[in-house]
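Colleague: structure here, sequence nowhere to be found:
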């Protein structure tokens with residue numbers, strides 16, 4: 001990213017899934033190298049102007065903005081986190097992203113960096129997305145890792161997302177909607193990122209492979 005063409009962005013971290021294949025253990029509170037996956041993801045997006053976390057506030061070990069919109073302060077000098085929740089809870093990633101877009105309202109940051117909280121190496125993918133946006137601001141950008149496009153590791157034009165979310169609300173809402181359906185109106189390009197940088201934790205086997213463990217009790 002060049003100094004002449006800074007990419008001004010907000011960030012959304014999705015952390016509100018059921019974690020069914022982990023027996024209900026919240027992914028956000030799993031740990032790698034002594035930090036929760038939620039904290040690691042928020043650190044990865046530390047250059048954002050605002051960080052919105054969509055998920056239960058109790059998953060945060062370092063503070064945030066409550067579901068009623070009240071800001072709290074995280075540790076380690078990170079940005080304030082603004083906690084919101086999709087309605088109803090567990091409505092899926094598209095509903096969570098729509099809730100974040102609604103929460104941000106008319107904020108004038110032109111880009112929205114969207115990250116799931118279960119990718120412990122995602123910090124390695126972000127520079128490629130930001131570099132693409134710095135070079136061409138006419139498209140949104142989605143990480144492509146090993147031939148797989150990842151809509152939850154992506155940098156979207158905020159105006160495009162607003163239009164997409166508005167269209168979804170007009171057609172009945174985003175609950176249980178697929179990300180593909182939500183993004184049908186969004187023009188995006190795939191950007192190759194370092195292999196494994198968007199590997200996610202869906203099972204305990206994934207967690208072991210990625211060096212992730214349950215939070216000590």
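Modeller: Done, it's in. This is a predicted model, so every value here is computed, not measured. Residues are numbered from 1 along each chain as shown.
Colleague: so the residue nearest to the spatial centre of the chain: helix, strand or coil?
Modeller: With distances taken as Cα atoms, centre = their mean, the residue of the chain nearest its centroid is residue 115 (2.2 Å). Following DSSP: H, G, I helix; E, B strand; the rest coil, the label given to residue 115 is strand.
Colleague: residue contacts, it?
Modeller: Contact analysis of residue 115 by Cβ atoms under 8 Å, 6 or more residues apart in numbering lists 11, 12, 13, 14, 41, 44, 45, 122, 152, 153. In short, each C-beta sits where N, CA and C put it, glycine included.
Colleague: export these as JSON lines, with columns for distance to residue 22, secondary structure and pLDDT.
Modeller: Listed next are the contacts of residue 115 as JSON lines, based on distance: Cβ to Cβ, whole Å; DSSP: H, G, I helix; E, B strand; the rest coil; pLDDT from 0 to 100:
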{"residue": "11", "distance to residue 22": "24", "secondary structure": "strand", "pLDDT": "98"}
{"residue": "12", "distance to residue 22": "22", "secondary structure": "strand", "pLDDT": "98"}
{"residue": "13", "distance to residue 22": "18", "secondary structure": "strand", "pLDDT": "98"}
{"residue": "14", "distance to residue 22": "16", "secondary structure": "strand", "pLDDT": "97"}
{"residue": "41", "distance to residue 22": "17", "secondary structure": "helix", "pLDDT": "97"}
{"residue": "44", "distance to residue 22": "21", "secondary structure": "helix", "pLDDT": "97"}
{"residue": "45", "distance to residue 22": "23", "secondary structure": "coil", "pLDDT": "97"}
{"residue": "122", "distance to residue 22": "18", "secondary structure": "helix", "pLDDT": "97"}
{"residue": "152", "distance to residue 22": "17", "secondary structure": "strand", "pLDDT": "98"}
{"residue": "153", "distance to residue 22": "20", "secondary structure": "strand", "pLDDT": "98"}
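Colleague: roughly how far does the residue nearest to the centre of the chain sit from residue 166?
Modeller: To residue 166, residue 115 is 23 Å away according to Cβ to Cβ, to the nearest Å.
Colleague: where do the helices sit along this structure?
Modeller: Secondary structure of the chain (DSSP state H): helices at 37-44, 93-104, 126-135, 158-170, 179-182, 204-209.
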